[in-house]
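1. Provided below for reference: sequence and predicted model.
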Amino acid sequence: MKFRPKMPSEPHAAWYPLLLAPLLIPIATTNFTGFGAEIPLTYDPLRAIKWVLAGVFLLACAAIWGYALVKRRVEMRWNWSLYWLAAAVGLIVLSTIFSIHPATAVFGSYQYRQGLLMLLTFGGFIFFTVQLVRNIDGARRIAMAVVIGALPVAVYALVQAFGFDTANWGAPDWGLARGFSTLGNPDYLGAYLIFPTTLAIGLSMDSEFERQRYFWRAAFAICATSLLLVQVRGAWLGMFASGIVLICYFRRVHVHFRRSDRIAAVLALALLLAVGLWSGHTIANRVLEVTSGGSGAGSSRIPLWQTSVQVGLEHPLLGVGPDSFRFGFYEVRQADQEDALGVLAIADDAHNAPMMIAGTLGYPAAVLLGVFVGIVFWRSFKAICGQRSDTERMIYAAWYAAIVGYAVCLMVDPSAISSNILLMLGVGVLVGARARPIGEAKRWLAVTAVGTLLLVGLVSTTTGAMTLVADFYHARTYYATGAEAIARAHKAVSFSPWTYEYRARHAELHGKLAVWEGTPEAATSAIQAYEELVDFCPAEYLTYADYVEMLFSLSQMGDEGDVRAIEVARRGLEVHPAGVVLRAEGAHACSNLGRYEEAVEFVEDYWDLDSSVVQPGVEYARALIGVGRYGEAASVLDVLIENHPGDAKIAAVLGMLAEAEDQAQ
């Protein structure tokens, strides 16, 4: 059969799922409490549904385009830079195989859902964007979908920021005050808004008709206002970088600004200035937190980055596995970092993309991805700014600026599924501009690529849907008690056995039932549930802390509970040696058994690392009293009283000290 390629300008059915991705994924949610529902449909109302939709759209693209490939109606387009990306994908697969916890590496953590399946899905969006976006019309079409899809997201963030949201998100006050829309966190929203805000400028400058320009200018005003009110410093830096890139492009190609463009720019600046003055005190506080050394997230970036570097150095070749940063964090976190980070802090992300990639995927994969991005940036820069009078490439320049801004933002903030999909679309647009047909001789490469992505889309859609059902049952465990709650938790585990949180909830409910019933049989079932949880994910420090806390609650076990608690605490400290909470629990169990010397060893060098936490100091003072070191115990209690005046636990240990001193005299 003779090959009959489609014309570059001819729309293809695979365009529809590609365009629907930026339109629907960001706004997708299972929380309809604002429309009268009593509770959200799932416990995680934002990330699981986005995972499912990403898989569905990838599967649709692969099925439609793959069918056309089999019928020889399309030909695969390729660019040599994609070989670097393909090599990085191979290393990512190896990183998953040899990861600390393969289940998390494949399916992703509950917090981010960006394991191997999602990373391959991201790669699939790059691939199909390269195939479909063959000219500036395609780049413009994708940009329009991104901006239109962002409008309801940005508007909803403004509704939240102004206090009109009626939905029940269970969010902290800072989240609602700053707005997080349907992305779940102000940091995610700020990073996401860089794309539509920048692309709206490009579409406004590129549009031929005045009415269209009005629409894109209004879209810019909405997205920019939301970006300002979200108070994410990384996003502000990213948008500043995008603006610098666009200004350089305007000067390079001598863009002619219409009178309406100047008026729109003045009005936009006036609007942003008014919004800034209205919320100036909160914005100023966010800026000052960077240098004030307060307790905000920004004050802990540097020690977190230091820990992130150590994670990469500890696992240089393949990293700890995709989306598994917290397991490496447990391994390398040092005691002298506890004061800056806080002993209760658990880091799921490095808040720096290069460090995150190096720590989770390994330095070789990070280098390959860096080379790929560098090639795309350099070749796109030359193509966009190659001719001084070429203003026809405005959309490509806007995509380039948006990607640069997002990259700057990722130096200090985490990423999310929605914004990463926009990144993949943008990279695909830039690569697709220089891609060429590979010819019949390499048709095997096209068949292999599409077949692989078809399988990825199918697995991602199926497992995402199963996780969504599991999350439905998981949410309902919080609205039941006893055996009914355990049955619902068991259903959640049966639908998504790879998710740690569902297993942890199952074990937690067994523990609560054992405490309530107070029988040896119930205690045995609870212990078995926690042991199964440890076997499933031995690298999770929180399991051991919760396990020990549950053992303390089982009065029916007596001294046997304390003995087991000490053993569990020691196992947990092998995972996370600087785990101060677990050390305090181990010391408590030792003191209960009169093994005060062991209790001292548990917390002696760790009790004063975080002045906001009282329990380690209390246990240390109690152990010191037990071994007769009354003067040291008094000194520890003086520090605790200064930091926590009126605390009942400190008062109880003070009474123990006074009684012990009286008996000694």
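-> Structure's in. What do you need? Numbering: from 1, shown residues only.

2. Which parts of the stretch 351-500 of the chain are strands?
-> 436-437 (DSSP state E, counting those that start in this stretch).

3. again with the chain
-> 77-78, 436-437 (DSSP state E).

4. just so I know, which of the ones you listed lies nearest Val146?
-> Among the strands of the chain, the nearest to Val146 by Cβ to Cβ is strand 77-78 (21.5 Å). For the C-beta atoms, the positions are set from N, CA and C on the backbone; glycine is no exception.

5. one step back: format the strands of the chain as JSON lines; extra columns: mean pLDDT and mean neighbour count.
-> Compiled in JSON lines, the strands of the chain are given as follows (pLDDT from 0 to 100; neighbours: other Cβ atoms under 10 Å):
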{"stretch": "strand 77-78", "mean pLDDT": "93", "mean neighbour count": "21"}
{"stretch": "strand 436-437", "mean pLDDT": "92", "mean neighbour count": "12"}
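
6. how about TSV for the ones you listed, with distance to Arg47 added?
-> Shown next, in TSV, are those (distance: least, Cβ to Cβ, whole Å):
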stretch	distance to Arg47
strand 77-78	32
strand 436-437	37
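
7. For Ala660, which of these is the nearest?
-> Here strand 77-78 is closest among the strands of the chain (Cβ to Cβ), at 77.9 Å.

8. can you list contacts of that closest one?
-> 130-131, 134, 432, 435-438, 442, 445 (Cβ atoms under 8 Å, 6 or more residues apart in numbering).

9. Paired strands for that strand, with orientation please.
-> strand 436-437 (antiparallel) (DSSP bridges).

10. about what we covered before: got a winner among the contacts of strand 77-78 for most neighbours?
-> Gln131 (26 neighbours; other Cβ atoms under 10 Å).

11. mind checking how far it is from Pro437?
-> 10 Å (Cβ to Cβ, to the nearest Å).

12. shared neighbours of the two, anything?
-> Contacts common to Gln131 and Pro437, judged by Cβ under 8 Å, 6+ apart, are 76-77.

13. distance of the nearest residue to Thr33 once chain neighbours are set aside from Gly90?
-> Once flanking residues are discounted, Thr33 sits nearest to Asn168: 4.3 Å by Cβ to Cβ, 6 or more residues apart in numbering. Computed as Cβ to Cβ, the Asn168 to Gly90 distance reads 44 Å.

14. Between these two, which is the more surrounded one?
-> Using other Cβ under 10 Å, the more surrounded residue of Asn168 and Gly90 is Asn168, with 14 against 11.

15. got the phi/psi numbers for that one?
-> In terms of degrees, to the nearest 10, the main-chain angles of Asn168 are phi -100, psi 100.

16. State the distance from it to Gly36.
-> 11 Å.

17. Averaging pLDDT per element, find the lowest-scoring helix or strand in this structure.
-> Ranked by mean pLDDT, DSSP states H and E, the weakest helix or strand in the chain is helix 338-341, scoring a mean of 44.

18. So which residue is smack in the middle of the chain?
-> Tyr112 (3.9 Å; Cα atoms, centre = their mean).

19. Hmm, Ala416 and that one touching each other?
-> Yes - the pair Tyr112 and Ala416 qualifies as a contact (Cβ atoms under 8 Å) at a distance of 7.4 Å.

20. okay, and the common contacts of the two?
-> Arg47.

21. tell me the contacts of the residue nearest to Thr33?
-> So Asn168 contacts 31, 33-34, 39-40 (Cβ under 8 Å, 6+ apart).

22. and Phe377, how many neighbours?
-> Counted with other Cβ under 10 Å, Phe377 comes out at 16.

23. Same question for Arg258.
-> For Arg258, using other Cβ under 10 Å, the count is 11.

24. show me what contacts the residue lying closest to Ile136 once chain neighbours are set aside?
-> Nearest residue to Ile136 in three dimensions, chain neighbours excluded: Ile395, at 5.8 Å (Cβ to Cβ, 6+ apart). When contacts are counted by Cβ under 8 Å, 6+ apart, Ile395 is found next to 136, 139-140, 143, 199, 202-203, 206.

25. Farthest pair within these?
-> Ile136 and Leu199 (13.4 Å).

26. Can you pull out the low-pLDDT segments for this structure?
-> Residues of the chain meeting the criterion pLDDT under 70: 1-11, 171-177, 260-262, 264-268, 271-300, 334-345, 386-392, 556, 610-611.

27. Counting residues, name the longest helix you see in it.
-> Of all segments of type helix in the chain, defined using DSSP state H, the longest is helix 443-476.

28. Surely Tyr620 touches Val636?
-> Yes - the criterion here is Cβ under 8 Å, and Tyr620 meets it with Val636 at 5.7 Å.

29. anything in contact with each of those two?
-> With Cβ under 8 Å, 6+ apart as the test, Tyr620 and Val636 both reach Trp607.

30. higher neighbour count, these two?
-> Ranked by neighbour count (other Cβ under 10 Å), Tyr620 and Val636 place Tyr620 first, with 29 against 25.

31. still on that earlier bit, most neighbours among the contacts of Ile395, which one?
-> Result: Leu199 is most packed of these (other Cβ under 10 Å), 32 neighbours.

32. Tell me the spacing between that one and Met144.
-> 8 Å.

33. and if you look at Ala48?
-> Counting by Cβ to Cβ, the gap from Ala48 to Met144 is 28 Å.

34. These two: who's more crowded?
-> Each of Ala48 and Met144 has its neighbours counted (other Cβ under 10 Å); Ala48 has more, 25 against 22.

35. what about the closest residue to Ser181 other than its chain neighbours, neighbour count?
-> Closest residue in space to Ser181, ignoring its immediate chain neighbours: Ala157 at 4.0 Å, by Cβ to Cβ, 6+ apart. A count of nearby residues for Ala157, using other Cβ under 10 Å, gives 29.

36. residue contacts, Ala157?
-> 179-181, 189, 226, 229-230.

37. so can I have CSV of those showing neighbour count and distance to Gly428?
-> Shown next, in CSV, are the contacts of Ala157 (neighbours: other Cβ atoms under 10 Å; distance: Cβ to Cβ, whole Å):
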residue, neighbour count, distance to Gly428
Gly179, 25, 29
Phe180, 24, 27
Ser181, 30, 25
Leu189, 31, 23
Ser226, 28, 26
Leu229, 26, 31
Val230, 29, 27
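
38. Leaving out chain neighbours, which residue sits closest to Ala235?
-> That would be Gly190: by Cβ to Cβ, 6+ apart, it lies 2.9 Å from Ala235.

39. burial measure for the one you found, as a count.
-> Around Gly190 there are 31 residues (other Cβ under 10 Å).

40. if I pick it, what's in contact with it?
-> 227, 230-232, 234-236, 409, 413.

41. Which members of these occur in helices, if any?
-> Using DSSP H, the contacts of Gly190 in helices are 227, 234-236, 409.

42. Reformat those as JSON lines; add neighbour count.
-> JSON lines is the format used below for the ones in helices among the contacts of Gly190 (neighbours: other Cβ atoms under 10 Å):
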{"residue": "Leu227", "neighbour count": "25"}
{"residue": "Gly234", "neighbour count": "23"}
{"residue": "Ala235", "neighbour count": "29"}
{"residue": "Trp236", "neighbour count": "20"}
{"residue": "Cys409", "neighbour count": "29"}
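
43. now those residues in JSON lines, with distance to Val613?
-> As requested, those are exported to JSON lines (distance: Cβ to Cβ, whole Å):
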{"residue": "Leu227", "distance to Val613": "36"}
{"residue": "Gly234", "distance to Val613": "28"}
{"residue": "Ala235", "distance to Val613": "32"}
{"residue": "Trp236", "distance to Val613": "33"}
{"residue": "Cys409", "distance to Val613": "32"}
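
44. just the residues you listed now: which is nearest Leu58?
-> For the ones in helices among the contacts of Gly190, the nearest to Leu58 is Cys409 (24.7 Å; Cβ to Cβ).

45. Spatially nearest residue to the closest one, not counting backbone neighbours?
-> Nearest non-adjacent residue to Cys409 (Cβ to Cβ, 6+ apart): Gly238, at 3.3 Å.

46. my read: that neighbour touches Ala401, true?
-> No - the pair Gly238 / Ala401 is not scored as a contact, 10.1 Å apart, by Cβ under 8 Å.
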